[in-house]
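Participant: below is the sequence, then the predicted model.
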Amino acid sequence: MYPALWMLVLPLFAGIKLYLGGFWTKTPIVQVAPESNSATEIGSVAESTSSNEEPIRSAGDLKVPEHFNGEDYFAMAVALFIIPIGLAMYPALWLLTLPNFMAVKMYLVSFPRPLKMIPRTSNFYAFVDFQFVAALPAMLLIAVYWVYLLLLIAPSTLLFSIVTGRIANFSSNWELLKDTRHATGFTWNGIVVGLMGAMDRQGLYEFMFYFPSTVVAVPVIKYLFTCNPLIHKLSTKHANQWTVPLELTDDQTVASALQSMTYTTHVESDRAQIDEHEFSAHYPVIPPSASPAPTSVVGVQFTTVIVNFTKTTRNNAETGLRSELGKRGIYVVELMFWNPCHMVTGYVEVNVQHDGGVEHPMWCFTGENYWGNRFYKNIDNLFWRYAPQCGGYFKTHGDADIDVSR
């Protein structure tokens, strides 16, 4: 019965497939040291050598229920009314966004590699205006689809919540989400810049093929399966992943991470290496001339076959980190509730650890249902697989020419 239900829901979640670690198998937590081919099993807790040293390292408290509950069955039933439309959205968006992505490809060709930041010239602003006009048919189609999702999901989840008594959890859920219920601050310029760098990392056709997931599958996953305050009893679930020590100075570690994530384009050897990774992110540099200077950027993440948008802030703090294992911040990634283009809601840090590794602690809100925790766990598994990949890349790019003070 379960595989049959999964085969019905599968096409919506990723168009063709959603493979973030596998849904029916448990991905082992394994790290590979960058300088070797041997794998080392990493347990959920690594003991500290002394009570005076860093806190006990924990991979979090995220657990996936063994069975579906009522919320899962309800969500899968509602998803049946979305699947046919969602499947039709993919080819329509491929066709409508092709001019935009082709234009990005041609625009970036005019710059030498690597390109740290897109110059904000008059040509750039004219290009952004062209992108907006060219994207209008796609945006109109997306708006109609999102209205359909709103009119389907909001009333049905409210009715389910009232009938089952889950409405009693709404007040506490809403209070729990208060820090994530702010506007994303996304701008059209920011979206275009984020997409340009992300597309270059993956290549035109691969990125364009999976881009529709951002607006088709991801909102459904978020508001129906992972974080709906009407039907879920939400709580904060913590997960953390980290690399092995990189044997770099803190400045070198930060510089290597920034080089990977902030550059608009890379030299081909670096680009190809990033393209092979389980995960890639583009968090653009804020131009020094920006006025007023924004504090955050539109981050674009590519996770195997899913594209997500994030509100990302450069964090250079050495104090005030939420993670007790962090020594120095690199990024804060806010997964806002009102951001339909990321499948989970919560708060994420990227930090340098005391031992010289890089960590990725996450605090996300999920309910007690199978699918909400399964999606979150798949993200956790994905970053464990990504850890040795990014660690190996960072270790060889510690000499990147980056101003780590910004």
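Facilitator: Sure thing, it's come through. For clarity, every value in this text was computed on a predicted model and none was experimentally measured.

Participant: adjacent strands (with direction) for whatever helix or strand residue 347 lives in?
Facilitator: Per DSSP states H and E, residue 347 falls inside strand 346-353. Applying DSSP bridges to the sheet, strand 346-353 is found paired with strand 326-335 (antiparallel), strand 358-359 (antiparallel), strand 362-366 (antiparallel).

Participant: how about the residue nearest to residue 223 when sequence neighbours are not counted, what does it touch?
Facilitator: Nearest residue to residue 223 in three dimensions, chain neighbours excluded: residue 153, at 5.7 Å (CB to CB, 6 or more residues apart in numbering). Any C-beta I mention is one placed from the backbone N, CA and C, and that applies to glycine too. Residue 153 makes contact with 78, 220, 223, 224, 228, according to CB atoms under 8 Å, 6 or more residues apart in numbering.

Participant: give the helix, strand or coil label for residue 312.
Facilitator: Put simply, residue 312 is strand when judged by DSSP: H, G, I helix; E, B strand; the rest coil.

Participant: burial measure for it, as a count.
Facilitator: Residue 312 sits with 24 neighbouring residues when counted by other CB atoms under 10 Å.

Participant: next: residue 117.
Facilitator: There are 15 residues near residue 117, going by other CB under 10 Å.

Participant: before we move on, what about residue 168?
Facilitator: 11.

Participant: what's the pLDDT at it?
Facilitator: Looking at residue 168, its pLDDT reads 98.

Participant: give the rounded mean pLDDT of stretch 193-202.
Facilitator: Per-residue scores along stretch 193-202 average to 98.

Participant: go on, stretch 324-343?
Facilitator: pLDDT averaged over stretch 324-343 gives 97.

Participant: and for stretch 106-113?
Facilitator: So the average pLDDT for stretch 106-113 ends up being 97.

Participant: surely residue 228 meets residue 158?
Facilitator: No - if you go by CB atoms under 8 Å, residue 228 and residue 158 don't touch, sitting 10.0 Å apart.

Participant: more neighbours, these two?
Facilitator: Just comparing residue 228 and residue 158: by other CB under 10 Å the higher neighbour count belongs to residue 228, 25 against 15.

Participant: what's that one in contact with, if anything?
Facilitator: Taking CB under 8 Å, 6+ apart as the test, what residue 228 contacts is 153, 157, 367.

Participant: just the residues you listed: which are in helices?
Facilitator: 153, 157 (DSSP state H).

Participant: OK, contacts around residue 164?
Facilitator: Contact partners of residue 164, counting by CB under 8 Å, 6+ apart, are 70, 231.

Participant: what residues does the strand holding residue 347 touch?
Facilitator: Under CB under 8 Å, 6+ apart, the answer for strand 346-353 is 54, 179-180, 236, 242, 250, 253-254, 257, 315, 321-323, 325-335, 358-365.

Participant: report the buried members of the residues you listed.
Facilitator: 180, 242, 253-254, 257, 315, 321, 323, 325-335, 358-365 (16 or more other CB atoms under 10 Å).

Participant: name the spans of the stretch 1-150 of the chain whose pLDDT lies under the cut-off.
Facilitator: By pLDDT under 70, the low-scoring segments of the stretch 1-150 of the chain are 1-57.

Participant: same check on the stretch 251-400 of the chain?
Facilitator: Checking the stretch 251-400 of the chain against pLDDT under 70 turns up 290-293.

Participant: show me where it has helices.
Facilitator: 268-276, 370-395 (DSSP state H, counting those that start in this stretch).

Participant: okay, those helices in TSV with mean neighbour count next?
Facilitator: Rendered in TSV, the data for the helices of the stretch 251-400 of the chain read as follows (neighbours: other CB atoms under 10 Å):
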stretch	mean neighbour count
helix 268-276	15
helix 370-395	22
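
Participant: stretch 179-186: end-to-end distance?
Facilitator: 17 Å (CA to CA, to the nearest Å).

Participant: list the buried residues in that stretch.
Facilitator: 180, 184, 186.

Participant: so what touches it?
Facilitator: 174, 294, 296, 298, 309, 311, 334-339, 345-347, 365.

Participant: swap in 7 Å and give it another go.
Facilitator: 296, 298, 311, 336, 337, 338, 339, 345 (CB atoms under 7 Å, 6 or more residues apart in numbering).

Participant: wait, the fifth one touches residue 177, no?
Facilitator: Pointing back at residue 337 there. Yes - counting by CB atoms under 7 Å, residue 337 does reach residue 177; the two are 5.2 Å apart.

Participant: so what sits against both of those two?
Facilitator: With CB under 7 Å, 6+ apart, residue 337 and residue 177 have common neighbours residue 345.

Participant: who has more neighbours out of those two?
Facilitator: More neighbours surround residue 337 than the other of residue 337 and residue 177, with 21 against 18 (other CB under 10 Å).

Participant: ok, back up a step: from the contacts of stretch 179-186, which is closest to residue 405?
Facilitator: Nearest to residue 405 among those: residue 296, at 18.0 Å, using CB to CB.

Participant: run a quick neighbour tally on that closest one.
Facilitator: With other CB under 10 Å as criterion, residue 296 counts 19.

Participant: list the beta-bridge partners for it.
Facilitator: Going by DSSP bridges, residue 296 forms beta bridges with residue 313.

Participant: contact partners for it?
Facilitator: 185, 311, 312, 313.

Participant: so the closest residue to residue 200 other than its chain neighbours bridges to which residues?
Facilitator: Nearest residue to residue 200 in three dimensions, chain neighbours excluded: residue 265, at 4.9 Å (CB to CB, 6+ apart). Residue 265 has these beta-bridge partners by DSSP bridges: residue 115.

Participant: any figure for the gap between residue 265 and residue 368?
Facilitator: 44 Å (CB to CB, to the nearest Å).

Participant: look up phi and psi at the closest residue in space to residue 180 that isn't next to it in sequence.
Facilitator: Setting aside the residues directly before and after it, residue 180 is nearest to residue 337 in space (CB to CB, 6+ apart), at 4.4 Å. Dihedral pair for residue 337: phi -60, psi -40, per degrees, to the nearest 10.

Participant: now do the contacts for residue 337.
Facilitator: Contacts of residue 337 by CB under 7 Å, 6+ apart are 177, 180, 181, 227, 345.
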